[in-house]
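> structure for the following, please:
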Amino acid sequence: MRGSGLPLCLLSAVFYLFWTPSAGLKTLHLGSCVITTNLQGIRSGFSEIRDSVQAKDEIIDVRILRKTQSLQGTKPADQCCLLHHILRLYLDRVFKNYQPPDHHIFRKVSRLANSLLTIKKDLRLCLPPQAVVVKALGELDILLQWMEEAD
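Okay, the predicted model is just below:
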């Protein structure tokens, strides 16, 4: 008598998940923060939606992030904090306000957002909240000067 192959398939899947080396996992050393994440998986998820999203981008003369050179110059001590704030921007503003054209893209964007949320949770808070407020207020003159020079 033949048994169902389902239990064998499930058992095989469990062994595959637990015994397979963590392909794609990368440990990032960002100043005092060390996180392990699947960057290949995140990049793969983004590549699945990239064309659809970029086709709708009508603002071609402005870039929020200029390639990686602008991020590469960040001092190691500031990298953790920078990534924390960039991920917060993406999670609090970008993903929450993005209106996907269909349910298929919505699911992929949600998976991508969840991956970034996992990374953000692994980052310790880079500065105490009050220190951030004092720092930002103390450097307001830099923003004001930039605004004056922009005209």
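> please count neighbours and contacts with C-alpha atoms only from this point.
Fine.
> and the contacts of the longest helix seen in the chain?
In the chain, ranked by residue count with DSSP state H as the criterion, the top helix is helix 103-122. If you take Cα atoms under 8 Å, 6 or more residues apart in numbering as the criterion, helix 103-122 is touched by 35, 37, 42, 45-46, 48-49, 84, 87-88, 91, 95, 99-100.
> need the residues you listed in CSV with secondary structure and distance to residue 110, can you?
As requested, the contacts of helix 103-122 are exported to CSV (DSSP: H, G, I helix; E, B strand; the rest coil; distance: Cα to Cα, whole Å):
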residue, secondary structure, distance to residue 110
35, strand, 21
37, strand, 17
42, helix, 12
45, helix, 10
46, helix, 11
48, helix, 12
49, helix, 11
84, helix, 19
87, helix, 14
88, helix, 15
91, helix, 10
95, helix, 8
99, coil, 11
100, coil, 10
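> adding neighbour count, write the residues you listed out as a markdown table.
Below are these laid out as a markdown table (neighbours: other Cα atoms under 10 Å):
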| residue | neighbour count |
| --- | --- |
| 35 | 17 |
| 37 | 18 |
| 42 | 17 |
| 45 | 16 |
| 46 | 16 |
| 48 | 13 |
| 49 | 17 |
| 84 | 19 |
| 87 | 18 |
| 88 | 15 |
| 91 | 17 |
| 95 | 17 |
| 99 | 11 |
| 100 | 16 |
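> quick one: buried residues of the longest helix of the chain?
Using 16 or more other Cα atoms under 10 Å as the test for burial, helix 103-122 gives 105-106, 108-109, 112-113, 115-117, 119-120.
> separation between the most centrally placed residue in the chain and residue 141?
With distances taken as Cα atoms, centre = their mean, the residue of the chain nearest its centroid is residue 116 (3.7 Å). Per Cα to Cα, to the nearest Å, residue 116 is found 32 Å from residue 141.
> picking up where we left off before, take the contacts of helix 103-122 and lay them out in a markdown table including pLDDT.
As requested, these are arranged in a markdown table below (pLDDT from 0 to 100):
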| residue | pLDDT |
| --- | --- |
| 35 | 89 |
| 37 | 92 |
| 42 | 93 |
| 45 | 93 |
| 46 | 93 |
| 48 | 93 |
| 49 | 91 |
| 84 | 89 |
| 87 | 92 |
| 88 | 91 |
| 91 | 94 |
| 95 | 93 |
| 99 | 91 |
| 100 | 90 |
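> and which of these is nearest residue 25?
residue 37 (5.2 Å; Cα to Cα).
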